[in-house]
Structures are given as structure tokens and as C-alpha cells.
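In: 3D, please:
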Amino acid sequence: MVRSLRPFVRAVTYTRWLHLFMAVVWPAMWWYVFDPLWAALTAFVLLGCAGLLPALRTVEGLQARLLLVGGRHDGGHPEIVVAPSATRGDRARTVLWLEIRLFLGCAVAFLTIHLPLLTDDLARTARGGSPDPATFVQVPGHHGWYAWITPLPLMALAAVVVASGRLITVLARRLLGPSPAERLAALEERTEQLLERTRIARELHDSIGHALTVAVVQAGAARAAGDPAFTARALDAIEETGRAALEDLERVLGVLRESERPVGSRPTLTDADRLLDSARASGAEVDADLTGPLDTVPGPVSREGYRILQESLTNVLRHAGAVPVRVRVGVAGDVLSLEVRNPLAARIPGPGRGDGLRGMRERTALLGGRASIGPHGGEWRVRAEIPIASGAVRPRSR
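Out: Numbers count the residues shown, from 1 in each chain. Below is the predicted model:
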């Protein structure tokens, strides 16, 4: 019993009822001024013509979102679109929607007026009075038992209100919903958003992870050394690395906030010395060889190469500590080559600890390159080859 009454305490039940009534207002005025048949035909013809206007789909979509699903007009209900009609199919569905809404609205408005009148007639005749001749169902005779069925028309009206509201909502989702092309476009946009979130998460992992690793290594080395001069150098390295990480964090948060102010540019391979100096300050013996015109490498390739180098050095410090590291970065022809080697002095990252390795492979693959990561000849090797030309077809990057 309580469940059956639940729709009547929801505001959307009555806004749906109002939505159907709104479709009948202007045809009803014509109905009383002109010939009823002429008014009905004119209303259907005018609605058919109006439905061909692209903007009317937007108007109907906004009304449907607000009154039928109880939502806002800001995209909270993507099953009902507010975009103008773009194809013939969109316009045809809008026309059909308008005609069905008018027909259903007329039926609901008629029953809303006459079912209460029927209840009144039943009550009158039960007391021996005369029924209203305007009621669509004439109550025959005068019987006292009519008093027992007096509530039935009102119960029928309640059922009509709830059922018609649900029906018009289902029709709105079908006729004002997105077309296949719009669904595909929405799916593509959602995919782009997910890819962007993944890229941002990877950026934070690489930048903040590197900074924290350097800070931990430097702090541990300073404590073990007990040398004031070494401690001062360690603190300088921690400060510099932390400042760079804060810059990266501010830039990424600026992207997430979609701030109007300009966001700092992402680091590229021309900033590789900063990474190498940070690794050296952490105790690693870095033998670096950077060859070729790195400053001419396209931005997308250079930025991803920087992150691969950063993650590689971070893994060395995290898993192997202060060990000799060989870094080779070069441009030969149309390929950027990057290689980082260190002695295999620690356990290999296992399942659940390979996010950084997977990220390096994904970065390389996204640019059409190849990555080889793992033990090689008694060393741990990260090797990536990225075609420079891929920078021209890189997906949108902020």
C-alpha cells in the first residue's frame, strides 16, 4: 500500500502532469474559438512544420529534462539531448514527439477534467440529485450504492496521472534521446577524458614519485654520512627536486581545474640535465651521453622521452640505490633512442609494483615506438626507440 502511494509524494509526478498540460494550452484556445475539427487538424500540421526547425529539439529537450526527469539543463541527463536537430532522422523524431505529446496531452487533460466531474455526478445521484449534463459519462438513475463507487473515478485519475507521466518519459528518452552518431561522439569524448585522466595520473606518478624517491635517498644518505657538508648538499638536492615537483603538480592541477591562466610548459629532453644532476646528488654515478639535436625533437616526443628517462632514474634510485648508471640519449635520423642501464643489484619489480614500467611501455607505444625493459646481460636495461615523425600526429596534449 505504501509503495503504491510513493509516486504521489514525488514532485516529478506532478511536473510530468504539467508537461502534458502545457502541450494542450494553445490548441485548446483554438478549440473554443474555431471549429474543433479545423483546430485539431491545424494543430497537427503546425506541429509537424515546427518540428522541422532544428532549434525546437533544443527547446523540447530542455523542457523534458526539467519536467520529466527532474534534472537540470546542464547535462545531468544525457539520455535526453538538448542539441539542435542535425539530421533528417532527428527532425523526424522531433515531429513524432510533438504529435504524440499533443495527442497524449489532450487525452490526459480531458480525463483530468471529466473524471472529477464523474465523481461529483455519482455523489449527486446517490443523494437523489441531477447529474451534470457536460460529463462525458452520464450516470443513469438514482441509487444509494453509487456512494460506494464515488472514489473510483478519482482513483482512475490518479492511475492516469502516474501512467501517462511514465509513458511520456519513456517516449522522451527514445524520441529526444541521442542519435547513433551522437552516441558515438559522446563515447569518443568520454574516451578522450579517460585517456587524459590516465595521462595526468601518469604525470603525477612520474614527477612526484621521482621527487619523493630522491628526497628519501638523500635523507638516508645524509643521516648515514654524518657529514655537515654532505648534509647541506643533500638538502640542496631535496629542495631543488621538491621545487620542480611542485611546479609539475601546479601545472597538472591547473589542467584539472581548467584554469583561465596559462599553465607552465611541460619539461622536455632539453631539461634532462636537471634529472641527471638530481640522480648524481642522490649518490648515483651517472655516465650520461646526450647526442644529436635534442632541441629539434618535436614536443610530444621530447616530453614523453623526458618522462621515460625520469621514471628510469627513479627506479634505479628506488630499487638499486647509489649504483653506476649509464644513460644514452640520442637522435639518429628520424628516431629518438633512449637507454638507461644499471647493475642488477636489487630484486626485479614484481606484480603490483610495475605501474611505472607499464607507463613507460604505454608512452612509447602511443608514439609508435618500441620499448624493451628488463634484465639484459647482468644489468637492468630500459631501452626505448621512438620515431620522431610521430610527434606530428600525437593526440591532443595539454
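In: tell me where this structure has strands.
Out: 285-291, 324-332, 335-343, 370-376, 379-387 (DSSP state E).
In: now those strands as a markdown table including mean pLDDT and distance to residue 221?
Out: C-beta: built from backbone N, CA, C; applies to glycine. A markdown table is the format used below for the strands of the chain (pLDDT from 0 to 100; distance: least, Cβ to Cβ, whole Å):
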| stretch | mean pLDDT | distance to residue 221 |
| --- | --- | --- |
| strand 285-291 | 89 | 14 |
| strand 324-332 | 91 | 16 |
| strand 335-343 | 92 | 17 |
| strand 370-376 | 89 | 26 |
| strand 379-387 | 91 | 21 |
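In: which residue packs closest to residue 134, ignoring adjacent ones?
Out: Spatial nearest neighbour of residue 134, chain neighbours left out: residue 117 (7.0 Å); criterion: Cβ to Cβ, 6 or more residues apart in numbering.
In: ok so, going back, right, and the strands of the chain - which one's nearest residue 61?
Out: Comparing the strands of the chain against residue 61 with Cβ to Cβ, the closest turns out to be strand 379-387 (45.4 Å).
In: tell me the strands beside that closest one, with direction?
Out: Strands adjacent to strand 379-387 in the sheet, as given by DSSP bridges, are strand 335-343 (antiparallel), strand 370-376 (antiparallel).
In: list the buried residues of stretch 26-46.
Out: By neighbour count on 16 or more other Cβ atoms under 10 Å, the buried set for stretch 26-46 is 27, 28, 30, 31, 39, 40, 43.
In: starting at the chain centroid, how far to it?
Out: In terms of Cα atoms, centre = their mean, to the nearest Å, the centre of stretch 26-46 is found 44 Å from the chain centre.
In: who are the contact partners of the spatially most distant residue from the centre of the chain?
Out: Distance from the C-alpha centroid of the chain, by Cα atoms, centre = their mean, peaks at residue 128 (65.2 Å). Residues counted as contacts of residue 128 (Cβ atoms under 8 Å, 6 or more residues apart in numbering) are residue 142.
In: how near is it to residue 143?
Out: 10 Å (Cβ to Cβ, to the nearest Å).
In: which one of the buried residues of stretch 26-46 sits closest to residue 123?
Out: Looking across the buried residues of stretch 26-46 and measuring by Cβ to Cβ, the closest to residue 123 is residue 28, at 27.2 Å.
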